[in-house]
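**Q** with the input below, show me the fold.
(one chain, ligands or ions: 1)
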Amino acid sequence: MSEAKGLIKSHTVKKYWMAATGLFLCIFLIGHLAGNLQLFMDGYEGRLQFNEYAVFMTTNPAVKLLSYLTYFSILFHAVDGLVITINNRKARPQGYAYSKPGENSIWSSRNMGILGTVILAYIIVHMQNFWYIYKFGTTPFMMSEDGSSPLLKDGTVVKGGSIENGDVVMAGENLGPAMRDLYEIVIQGFQEPLLVAFYVLGMIAIAFHLMHGFQSGFQSFGLKSGKYGKLIDKVGLAYAIIVPLLFAVIPVYLFMIK
Ligand code: HEM
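**A** Here you go, the predicted structure:
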């Protein structure tokens, strides 16, 4: 195989990987959004449900496996995307300066690398905000409705119990890890207007990235040439608007209401 053919092949393989990891991340976003929409639930029940959901997300073996797949997809998609962007720029040193909007591609398709970098920065800050603090930081603990008793991870209220080093202790006996209050961490986080603005900007970048990315994933797998091409475009556009919009409403709502 000639060198040129090898390059084309590796570029094609890269496109498949980009498409596979990108479409997987689109599915992840739907699941993540569904979980986050629980933040709209008010009162003690809402807090408890969200914290129980967080326990499920961090302990269920199948979800853990999906989480590892998500981390891998984010890293792979970001690194591969960067390599493709750099290679494209090398192949076309003038860039797309003469490609007017609407001529060859819409604005987002010409800026996937920049949008992807903004999103990667968003994800790093986001993981530090909640995921890192929940897993490795100092967190508040979920208490019973009257505030007197701690809860075990499975939601059992331990009357008369106390928390020592993250575990519920009752009459000198260690009953296991206490439920953490991730709900409180999220609410507190979104009392900061700068963070709310950062999240909204992140969602705008995600919306533009998906406007091109969603349909492009299908195109890379050759699934856009048939009769479903127009439908994929429409679903992609709807997805790119609705999903980031709902994500963006959450911090704004929590900032205004709580
Ligand atoms: C309002 C917007 C969002 C909120 C309130 C939010 C909240 C959270 C919380 C509380 C966690 C830690 C607990 C968990 O794993 O469920 C988390 C994890 C995570 N979030 Fe978000 N998130 C938002 C948007 C996003 C977006 C748009 C992305 C991707 C672009 C994203 C990517 C992730 C990832 C990759 C994790 C780690 C998941 C895992 O460990 O399985 N989040 N998010």
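**Q** all helices of the chain, in order?
**A** Assigned by DSSP state H, the chain shows helices spanning 3-36, 43-59, 61-91, 107-110, 112-126, 133-136, 182-189, 193-220, 229-257.
**Q** need those helices in a markdown table (columns: mean neighbour count and distance to Val169).
**A** Every residue, glycine included, has its C-beta placed from N, CA and C. Rendered in a markdown table, the data for the helices of the chain read as follows (neighbours: other C-beta atoms under 10 Å; distance: least, C-beta to C-beta, whole Å):
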| stretch | mean neighbour count | distance to Val169 |
| --- | --- | --- |
| helix 3-36 | 14 | 30 |
| helix 43-59 | 16 | 19 |
| helix 61-91 | 14 | 27 |
| helix 107-110 | 16 | 54 |
| helix 112-126 | 17 | 34 |
| helix 133-136 | 13 | 22 |
| helix 182-189 | 18 | 22 |
| helix 193-220 | 19 | 35 |
| helix 229-257 | 16 | 33 |
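**Q** figure out which of these is closest to Met142.
**A** Shortest separation from Met142 across the helices of the chain is recorded for helix 43-59, at 5.0 Å, computed as C-beta to C-beta.
**Q** let me see the contact set for the closest residue to Pro177 other than its chain neighbours.
**A** Distances taken as C-beta to C-beta, 6 or more residues apart in numbering put Lys153 closest to Pro177, at 5.3 Å, once the chain neighbours are dropped. Counting by C-beta atoms under 8 Å, 6 or more residues apart in numbering, Lys153 makes contact with 55, 59, 176-179.
**Q** now Lys153: how far from Phe141?
**A** Between Lys153 and Phe141 the computed distance is 11 Å (C-beta to C-beta, to the nearest Å).
**Q** could you do Phe198 as well?
**A** Taking C-beta to C-beta as the criterion, Phe198 is separated from Phe141 by 27 Å.
**Q** show the contacting residues for whichever residue of the chain sits closest to the ligand.
**A** Nearest residue of the chain to the ligand: Ser67, at 3.2 Å (C-beta to the nearest ligand atom). Contact analysis of Ser67 by C-beta under 8 Å, 6+ apart lists Met57.
**Q** for the one 3 residues further on, same thing?
**A** When the contact criterion is C-beta under 8 Å, 6+ apart, the partners of Thr70 are 24-25, 28.
**Q** just put the residues you listed in a markdown table and tack on pLDDT and distance to the ligand.
**A** Output for the contacts of Thr70, formatted as a markdown table (pLDDT from 0 to 100; distance: C-beta to the nearest ligand atom, whole Å):
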| residue | pLDDT | distance to the ligand |
| --- | --- | --- |
| Phe24 | 98 | 12 |
| Leu25 | 98 | 7 |
| Phe28 | 98 | 7 |
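**Q** out of these, which is nearest to His209?
**A** If you rank the contacts of Thr70 by distance to His209 using C-beta to C-beta, Leu25 comes first, at 10.2 Å.
**Q** contact partners for the closest one?
**A** Contacts of Leu25 were listed using C-beta under 8 Å, 6+ apart, and they are 70, 73-74, 77.
**Q** dump those residues to CSV, plus distance to Ile232.
**A** What follows is the contacts of Leu25, written out as CSV (distance: C-beta to C-beta, whole Å):
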residue, distance to Ile232
Thr70, 23
Ser73, 20
Ile74, 23
His77, 19
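**Q** what's the span of stretch 183-200 from first residue to last?
**A** The separation between the terminal residues of stretch 183-200, taken as C-alpha to C-alpha, to the nearest Å, is 19 Å.
**Q** ok, so what distance separates Asn87 from Lys230?
**A** Counting by C-beta to C-beta, the gap from Asn87 to Lys230 is 30 Å.
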